[in-house]
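*Asks:* Build me a model from this:
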Amino acid sequence: METKNLRSAFLFTTLLFIGFSCQQVGEIVMPKPKVPPFNFEVILRGNEDQLGLIKFRQDSGAAKIVTLDTKVRNLEPNHEYLLQRAVDAFDGICTSTAWLTLGKGLTPQSILTDEEGNGSEILWRNISAIPSGTTFDIHFRLVDAVSMTQVLNSDCYAYMVK
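*Replies:* Reported below is the predicted structural model:
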């Protein structure tokens, strides 16, 4: 009886050893390189409940038009704001402070809030001068149109031109 239990224990130990020895130890899985998106949503944050959202979309056409469908909430009522962006090299860290005011093409366009402090505007920019495949980091801010004081800002986003 003791021999039978000893054989079972030996068989179990042997199978366990074989099972573990067949596993690859320390296998390194390389992450796939991230390709920046053509379209994304930008969240703008400010004090307390101040908020903004930009639906950043690049049209499929050859004209390379980027549409910035922008909405803001809980800001100063009946007031003008400007949306700005800054870009720099694609490394995941937004350091540029070269702010460009966005609008309808090359014409800056303010975002006017209503009596509740909410506003929206569809802005756009022609980027056909930028070669397809160009990648860069981009971040946004909303400033008071009179004082140019920053009210809302975004995180850093990666972008690739179609």
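*Asks:* which residues in the chain form strands?
*Replies:* In the chain, the strands defined using DSSP state E lie at 40-45, 51-58, 65-73, 80-89, 100-101, 103-104, 107-108, 111-112, 119-126, 135-144, 150-153, 157-160.
*Asks:* Tell me how many other residues crowd E76.
*Replies:* Burial of E76 is recorded as 12 neighbouring residues (other C-beta atoms under 10 Å). Bear in mind the C-beta positions are built from the backbone N, C-alpha and C, glycine included.
*Asks:* swap in D144?
*Replies:* Residues lying near D144 (other C-beta under 10 Å) number 15.
*Asks:* So what sits opposite it in the bridge?
*Replies:* Counting by DSSP bridges, D144 is bridged to Y81.
*Asks:* pLDDT of stretch 50-60, averaged?
*Replies:* For stretch 50-60, mean pLDDT is 93.
*Asks:* ok, and for it, which residues are buried?
*Replies:* Buried residues in stretch 50-60, counting neighbours by 16 or more other C-beta atoms under 10 Å, are found at Q50, L51, G52, I54, F56, R57, Q58.
*Asks:* same question, stretch 86-105
*Replies:* For stretch 86-105, by 16+ other C-beta under 10 Å, it's A86, V87, D88, C94, S96, W99, T101, L102, G103.
*Asks:* now do the same end-to-end measure for that stretch.
*Replies:* Using C-alpha to C-alpha, to the nearest Å, the end-to-end distance of stretch 86-105 comes out at 16 Å.
*Asks:* Chain neighbours aside, what residue packs nearest to the residue most central in space within the chain?
*Replies:* Nearest residue to the geometric centre of the chain (C-alpha atoms, centre = their mean): Y157, 3.7 Å. In space, and not counting its chain neighbours, Y157 is closest to I138: 5.4 Å by C-beta to C-beta, 6 or more residues apart in numbering.
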